[in-house]
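>>> one predicted model, sequence on top.
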Protein chains: 2
Amino acid sequence: MIVGNARPNGHFTPCEQCPLRALPCLREFTASELEFVKQFKIDELHVDAGASFLHEGARAEHLYTVLSGWAFRYKMLDDGRRQILNFALPADMVGLQGTVMNEMEHSVEALTPLTLCVFPRAKLYELYSQFPTLAFDITWLAAREEQLIDEHLVSLGRRTAMERTAFLLLHLFVRAQELGMVKDGVCQLPFTQQHLADALGLSLVHTNKTLKRLLATKAVSWKGRGLEVRDRAALAAIAGSDVSLHKPRPFI
Amino acid sequence: MIVGNARPNGHFTPCEQCPLRALPCLREFTASELEFVKQFKIDELHVDAGASFLHEGARAEHLYTVLSGWAFRYKMLDDGRRQILNFALPADMVGLQGTVMNEMEHSVEALTPLTLCVFPRAKLYELYSQFPTLAFDITWLAAREEQLIDEHLVSLGRRTAMERTAFLLLHLFVRAQELGMVKDGVCQLPFTQQHLADALGLSLVHTNKTLKRLLATKAVSWKGRGLEVRDRAALAAIAGSDVSLHKPRPFI
DNA sequence: CGGCTAATTGACTTTCTTCAATCAGTGTGG
DNA sequence: CCACACTGATTGAAGAAAGTCAATTAGCCG
C-alpha cells in the first residue's frame, strides 16, 4: 500500500475566491454561510497521486471536500482483492462516514495530485446548530452519493460486462462534463485499466477485452488517457440506460 | 408489478410509547426532541406484503421510518432485471433520497405487512433549523446506510457466490439480532430464494445451488423461513470476513 | 385432489478468471 | 543514442464460475 505524502498548506485560497463556486451545478451561498464556511475551512491538504489519505479502520478527525483532482473510495479484502466504490471529483465531499460514525470503513486514494479543503469534525456541531441549510446540504451530498452507489450496485449485480463498462465510462464523462473538465469533447481519465477493472468488479484481462469490444463500436474512444464520447446515444444504448443528472444543491 | 394496498391510519401509537425506543441500539431522546418528533410524525402507514409503496421516478412527499416488518429497496432495468439494493428493518429510515433530492431513484417494496411512521417533507426544514441533533441523526442514518451498501458492493464486485451468500445471511442475522428479532437462535427471513438471488446479483438457479452447498457446511441452517446461525465463526470464515456492527446513534 | 408457488436438479452454453506470454511506451544510465 | 528496466496494455488458451433451459419435486391451500 502506498501511503505517500499529504502536506498541509497553512495559507490557502479563501472561500470567497473558491473556483468551484462559479460552477453552475452548485448553489450560491448566502453571505453568512460564506462567512461561516470561511472559518470552518481550517486548511488545505495536498496529496500526491497514488497516495491514500484516509484509511479503513482509522478515526477521522476531519471532513474534506475535493478542490481539485481525482480520487477514489475503495475497500480491500484480506487477500488483496480490491473494490473501488466510487470516484471523487472536485466539489465532492470525502470522509463524512469517518466524521459521523467513529471509524472509516473504507479508504480513499488520490488518482492525481489532489487538493482538499479541510474541515474540523469538532466544528461540525456548530455547523448543524447554526446553519441548518448547510447541514441540509451535507445530507443532500450523502443522499446523492448513495444514489451513485446504488446505480453502481445495479451495474455489478445485474449488468453485463459490456453494459457496465459503457455505463461507467458514460457516468464519468458526464460528471467530468458537469465540472467543466471536458475540453474539446475529451476528458482526461487519470487511471489505468486496473482501476477500471477494480471499479467494474471484473478481472483485468476481461476488462481489457470488454473495453476493446466497446471501443470497436466507435461510440466512445479512449486513447492515451483521453476519453471521448463520440455518440452518447449509442453509448447509452449499449449501457442499457443513460446516466441521470442531479439538480444542483451544493456544499462548497 | 404489484402495487397493492397502502392504508393511512389516522390514529396511531404516540412516539412516547414507541416500542423501538427501548432498543439498546438506539439513543435516548431528550424531552424536547421527543416533543418535536411526536408532532413531526403525522401518520402511520400500513403496507401489505408484496406491495411497493415508493416508486422510482416518483416525487416523494414524505419521509418514513420502519416501525415493524421487513422491506427492501430495489432498482429495475428496462428488461426486467432487478437488483435489490438493501433490506430495511425496524428503525431504518426510508425515502430520504426522495425527500432530499426531488425524485426517488429506486423503489421500495414490503416483504411482510409493514408499518411505517410518516413524516412530512414540509417540516423537514423545521427539524433542521430547530433540532440540529435530530438533523445530525438523519445524516448519521444516511452515512450508515451508505456503509451497508459499500459492503454489499464489495460482495457483488469481489466476493465469490459462496462468500457473498454467507456474508448476506450473516449480515441479515446480525441485524435482526440487534433488533431482538431472533428467537431461540432463529430469525424468520420473510423472503424467497428469488429475493436472495436479486440481492446477491446471481441467477435463481445458481443461488439455489450455492445455498445448498452453504447449508451443507452446517454453519447455518435455513428451513422453511427460519434462519439459524449455528457457527458464526465458521460462517464468517466462509464469508471471508465478519460483519461489523455500528455504534448506536438513532432517529426514532 | 387439483392448482399454484417455491425449491431442486441435470444438461448445456456462455461469461469470466487465471495463467502465461508478448508487446508498447517511458524513463534512466552509460 | 541505445540497452535495460519497469509499468501498463494485449493476447491466446484452458479451466472455473455462473447463466439458461427444461423438467421435476415439495409444500401449501381451498
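Perfect, thanks for sending it.
>>> how is chain A divided into domains?
As given by automatic domain parsing, the domain ranges for chain A are A:6-142, A:157-239.
>>> and the first one, is it in reach of DNA strand C?
Spelled out, that is domain A:6-142. No. Judged by CB under 7 Å from any atom of the strand, domain A:6-142 makes no contact with DNA strand C; its nearest approach is 8.2 Å. In this view, the C-beta of every residue, glycine as well, is placed from N, C-alpha and C.
>>> same thing with the last one?
Yes. Where contact is defined by CB under 7 Å from any atom of the strand, part of domain A:157-239 touches DNA strand C, namely A:160, A:161, A:162, A:201, A:202, A:203, A:204, A:205, A:206, A:207, A:209, A:210.
>>> shouldn't the last one be in contact with residue A:161?
Yes. The pair residue A:210 / residue A:161 is scored as a contact, 4.5 Å apart, by CB atoms under 8 Å.
>>> next up, the contacts around the most centrally placed residue in chain A.
Per CA atoms, centre = their mean, the C-alpha nearest to the average position across chain A is that of residue A:88, at 1.2 Å. Going by CB atoms under 8 Å, 6 or more residues apart in numbering or on different chains, residue A:88 touches A:66, A:70, A:71, A:72, A:73, A:94, A:108.
>>> could you list the low-pLDDT ranges of chain A?
Within chain A, the stretches falling below the threshold (pLDDT under 70) are A:1-10, A:246-252.
>>> so which bits of it are right by DNA strand D?
A:192, A:193, A:194, A:204, A:205, A:208, A:209, A:211, A:212.
>>> what's the closest non-adjacent residue to the third one?
The spatial neighbour of residue A:194 that comes closest, neighbours along the chain excluded (CB to CB, 6 or more residues apart in numbering or on different chains), is residue A:204 at 5.5 Å.
>>> before we move on, back to that, and of the residues of chain A next to DNA strand D, the nearest to residue B:169?
Residue B:169 lies nearest to residue A:204 out of those, by CB to CB, at 30.4 Å.
>>> how many neighbours does that closest one have?
14 (other CB atoms under 10 Å in any protein chain shown).
>>> my guess is it contacts residue A:210. True?
No. Assessed by CB under 8 Å, residue A:204 is found out of contact with residue A:210, at 10.8 Å.
>>> dump the domains of chain A to TSV, plus distance to residue B:241.
Shown next, in TSV, are the domains of chain A (distance: least, CB to CB, whole Å):
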stretch	distance to residue B:241
domain A:6-142	7
domain A:157-239	17
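>>> tell me which of the ones you listed sits nearest to residue B:237.
Nearest to residue B:237 among the domains of chain A is domain A:6-142 (11.1 Å), distances taken as CB to CB.
>>> what are the ranges of the strands in the stretch 1-150 of chain A?
For the stretch 1-150 of chain A, the strands defined by DSSP state E, counting those that start in this stretch occupy A:6-8, A:43-47, A:52-54, A:62-68, A:71-76, A:82-88, A:93-94, A:107-110, A:114-120.
>>> packing partners for the third one?
For strand A:52-54, the helices and strands in contact under the criterion 3 or more CB pairs under 8 Å, 6 or more residues apart in numbering or on different chains; DSSP states H and E are strand A:107-110.
>>> tell me the strands beside the strand it packs on, with direction?
Strand A:107-110 has its sheet partners listed here by DSSP bridges as strand A:52-54 (antiparallel), strand A:71-76 (antiparallel).
>>> any bit of the longest helix anywhere in chain A sitting next to chain B?
Using DSSP state H to define each element, chain A has its longest helix at helix A:132-158. Yes. Helix A:132-158 is in contact with chain B by CB under 8 Å from any CB of the partner chain, via A:132-133, A:135-136, A:138-140, A:142-147, A:149-154, A:156-158.
>>> give me the buried entries from the residues you listed.
Applying 16 or more other CB atoms under 10 Å in any protein chain shown to these, the neighbour count classes A:132, A:135-136, A:138-140, A:142-147, A:149-154, A:156-158 as buried.
>>> burial count for the nearest residue in space to residue A:229 that is not next to it in sequence?
Spatial nearest neighbour of residue A:229, chain neighbours left out: residue A:173 (4.9 Å); criterion: CB to CB, 6+ apart. Using other CB under 10 Å, residue A:173 has 23 neighbouring residues.
>>> list the contacts for residue A:173?
Shown in contact with residue A:173 (CB under 8 Å, 6+ apart): A:182, A:187, A:220, A:227, A:229.
>>> and residue A:180, by the same measure?
Contact partners of residue A:180, counting by CB under 8 Å, 6+ apart, are residue A:23.
>>> how near is it to chain B?
22 Å (CB to the nearest CB, to the nearest Å).
>>> follow-up on the earlier one: now the element after the longest helix of chain A, going C-ward?
Downstream of helix A:132-158, the first helix or strand assigned by DSSP states H and E is helix A:161-178.
>>> what is the helix or strand following that following helix packed up against?
The helix or strand immediately downstream of helix A:161-178 is strand A:182-183, counting by DSSP H and E. The helices and strands touching strand A:182-183, judged by 3+ CB pairs under 8 Å, 6+ apart, number zero.
>>> partner strands of strand A:182-183, with direction?
With DSSP bridges as the test, strand A:182-183 is paired with strand A:186-188 (antiparallel).
>>> from the chain's centroid, how far away is the partner strand?
16 Å (CA atoms, centre = their mean, to the nearest Å).
>>> go on, stretch A:93-110?
13 Å.
>>> endpoints of that stretch, how far apart?
Stretch A:93-110 has an end-to-end distance of 14 Å (CA to CA, to the nearest Å).
>>> most surrounded residue in the contacts of residue A:88?
Counting neighbours by other CB under 10 Å, the top entry in those is residue A:71, with 27 neighbours.
>>> tell me how far the closest residue to it other than its chain neighbours lies from DNA strand C.
Nearest non-adjacent residue to residue A:71, counting by CB to CB, 6+ apart: residue A:88, 4.3 Å away. Using CB to the nearest atom of the strand, to the nearest Å, residue A:88 is found at 24 Å from DNA strand C.
>>> check residue A:75 too.
16 Å.
>>> ditto for residue A:19
In terms of CB to the nearest atom of the strand, residue A:19 sits 28 Å off from DNA strand C.
>>> off-centre distance for stretch A:120-135?
Distance, centroid of stretch A:120-135 to centroid of chain: 23 Å (CA atoms, centre = their mean).
>>> cool, and stretch A:174-189?
That offset, for stretch A:174-189, works out to 14 Å (CA atoms, centre = their mean).
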